[in-house]
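Chemist: Structure for this input, please:
(chains A, B, C and D)
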Number of protein chains: 2
Amino acid sequence: MSFSDTLNELVQFSEAELHDILNHFTMKSVSKNEILVKQGEICKYLYFVEQGMGRSYYLNDNQKEITQWFFGTGKFMSSADSFFQKKPSLYYLEVLEDSVLFLISKENLERLFSKYPKMEKLGRLVITEMLTNVFNKLNAIQFQTARERYDYMLAEFPDIAYQVPLGHIASYLGMAQETLSRIRSQDSIN
Amino acid sequence: MSFSDTLNELVQFSEAELHDILNHFTMKSVSKNEILVKQGEICKYLYFVEQGMGRSYYLNDNQKEITQWFFGTGKFMSSADSFFQKKPSLYYLEVLEDSVLFLISKENLERLFSKYPKMEKLGRLVITEMLTNVFNKLNAIQFQTARERYDYMLAEFPDIAYQVPLGHIASYLGMAQETLSRIRSQDSIN
DNA sequence: ATTTATTTTTGACCTATATCAAAAAGTGAT
DNA sequence: ATCACTTTTTGATATAGGTCAAAAATAAAT
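Modeler: Numbers count the residues shown, from 1 in each chain, chains lettered A, B, ... in the order given. You can find the predicted model right below:
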């Protein structure tokens, strides 16, 4: 589903509105492993993943990368707090495969917000959906076994689960990568 | 800090605006252990905790209560997804001590949103703050020891940590209540 | 095509924390 | 003040999953 379809599904826009809104975004092709934002930098753009996927991650005390979130095709990707509050980002934002993104600056987004009240609603929808998803992950992580967490991953990100390095998924799920490897090998037996 | 002070701190309002906004809310006193929303019901109101505290929780497969979030004085409390999307709530909302709340229906809130664009901004601020907090908890839970999680709790909810039953905190932190009890008894030795 | 680097798998061992059970402490109601 | 009920603590035991180390499989580079 294209960007404009996604927008239109969330809130009904006219052709002209949609056209104008699209014009506030910039399309960008980025290649695999490109870093969009570094920890400590301000996240200047909100991205829409038209095609491809990305992740956010941080470095823990042992400098190990911990994946915080995956952003698949059709999702908005950003370091939300950094973007909206103009604070240094706690996370890296990385593209995991060659991707096409639409990006918008905070200033332009604000312009859209004031021009189209419906955009405010769209913003609220997108961010509450994100909040719900994060709570879901929290519930999965909080009390479930490694096996169950992986099942959650398969359900939540079926497209992503098989396309990114094992280690990224393991850290996302809060387990050692050896554990995830063992879980997967169990699966392939049955 | 009172409700109007909190609003004013997030976004600057005039006296008249503030007065009008306040008028869209209803003040309500609720007593300890009162349930505001049950799992499966639609959460009809957004609450501001003027005084007191509450929590959201759900029942796991063994019918055990799992605390999902604490809402202290000065915070907005709701089952966000249910409230904004009018979907059945996945969570109970409970008041943990005699409290004073300001509540508003979705319809009234929408009215405020369209009347005061600044309210939209406030809404965005509140919800991105929530999102940040949930991500923080996720990071704490994902890879930290029971001891470290409890430290996170003390840092994040210092007021709440000593005022609610141990079991609520343990489930919030994703550990057995026996474990939390042992952590605390370690503390009191030193 | 080889070599080099990266990622995944497998094995052995260990530890943090869960679970089960029972005692102790605390709280509320009559 | 006593009884009933709830919450917290303590002890003993079990286990899921972490850690360390090395081998195997993949992928990337020359």
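
Chemist: which residues does the most centrally placed residue in chain A contact?
Modeler: The residue lying closest to the centre of chain A (C-alpha atoms, centre = their mean) is A:Phe71, at 2.8 Å. Counting by C-beta atoms under 8 Å, 6 or more residues apart in numbering or on different chains, A:Phe71 touches A:47, A:49, A:53-56, A:77. For glycine as for every other residue, the C-beta is placed from the backbone atoms N, C-alpha and C.

Chemist: mind listing what the closest residue to it other than its chain neighbours touches?
Modeler: Excluding its sequence neighbours, the residue lying closest to A:Phe71 (C-beta to C-beta, 6 or more residues apart in numbering or on different chains) is A:Met77, at 3.7 Å. Neighbouring residues of A:Met77 by C-beta under 8 Å, 6+ apart: A:46-49, A:54, A:56, A:71, A:93, A:101.

Chemist: give me that answer again for 7 Å
Modeler: Contact partners of A:Met77, counting by C-beta atoms under 7 Å, 6 or more residues apart in numbering or on different chains, are A:47, A:49, A:54, A:71, A:93.

Chemist: Sort out for me which of those are in strands.
Modeler: Those of the contacts of A:Met77 mapping onto strands are A:47, A:49, A:54, A:71, A:93, per DSSP state E.

Chemist: Can you tell me which of these lies closest to A:Asp61?
Modeler: Nearest to A:Asp61 among those: A:Leu93, at 21.1 Å, using C-beta to C-beta.

Chemist: The closest one touches A:Ser82, doesn't it?
Modeler: No. Counting by C-beta atoms under 7 Å, A:Leu93 stays clear of A:Ser82, with 9.3 Å between them.

Chemist: Between those two, which has more neighbouring residues?
Modeler: A:Leu93 (27 against 22; other C-beta atoms under 10 Å in any protein chain shown).

Chemist: what's across from the more buried one in the sheet?
Modeler: Following DSSP bridges, A:Leu93 is listed with bridge partners A:Val37, A:Ser56.

Chemist: quick one: it from DNA strand D, how far?
Modeler: Plainly put, A:Leu93 is 21 Å away from DNA strand D if you go by C-beta to the nearest atom of the strand, to the nearest Å.

Chemist: Over to A:Ser181?
Modeler: 9 Å.

Chemist: so that residue touches A:Ile169, yeah?
Modeler: No. With contact defined as C-beta under 7 Å, A:Ser181 does not count as touching A:Ile169 (10.4 Å).

Chemist: Comparing these two, which shows the higher neighbour count?
Modeler: A:Ile169 (25 against 13).

Chemist: Against DNA strand D, how distant is the more buried one?
Modeler: As defined by C-beta to the nearest atom of the strand, A:Ile169 lies at a distance of 12 Å from DNA strand D.
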